[in-house]
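K.L.:
Have a look at this fold, sequence not included:
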């Protein structure tokens, strides 16, 4: 892949999904960068975003869903959020 005048070789695809206008990926390059790639089929162009080295929610394919404190029943240990596996 060529981006900003630099060639990147994809080592692996960490996750993939689809947005309304096209496919999206998080990839790891051979040099270790993590990039989010989103393709707009309507515009026929890619957008690229550099991701932080560790992004546990993306890496484990989970979503952190907040909920109000009153939703916690007495005796429950969670008070600020609930982790849900996709």
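P.N.:
Perfect, I can see it now. It should be emphasised that the depicted structure is a prediction, and the values quoted were computed from it without experimental measurement.
K.L.:
on contacts alone, who are the packing partners of the strand ranked longest in the chain?
P.N.:
In the chain, with assignment by DSSP state E, the single longest strand is strand 10-19. With contacts defined as 3 or more Cβ pairs under 8 Å, 6 or more residues apart in numbering; DSSP states H and E, strand 10-19 has these neighbours: strand 22-29, helix 56-59. Quick note: C-beta positions are derived from backbone N, CA and C, even for glycine.
K.L.:
Comparing those, which yields the minimum mean pLDDT?
P.N.:
Mean pLDDT is lowest for helix 56-59 out of the helices and strands packed on strand 10-19, coming in at a mean of 53.
K.L.:
Show the pLDDT at the closest residue to residue 23 other than its chain neighbours.
P.N.:
Closest residue to residue 23 apart from its sequence neighbours, by Cβ to Cβ, 6 or more residues apart in numbering: residue 39 at 5.3 Å. Taken from the predicted model, the pLDDT recorded for residue 39 is 94.
K.L.:
re earlier: in its sheet, which strands sit next to the longest strand of the chain, and in what direction?
P.N.:
For strand 10-19, the paired strands and their directions (DSSP bridges) read strand 22-29 (antiparallel).
K.L.:
Other residues contacting the strand it pairs with?
P.N.:
With contacts defined as Cβ atoms under 8 Å, 6 or more residues apart in numbering, strand 22-29 is touched by 8-18, 34-42, 51, 58.
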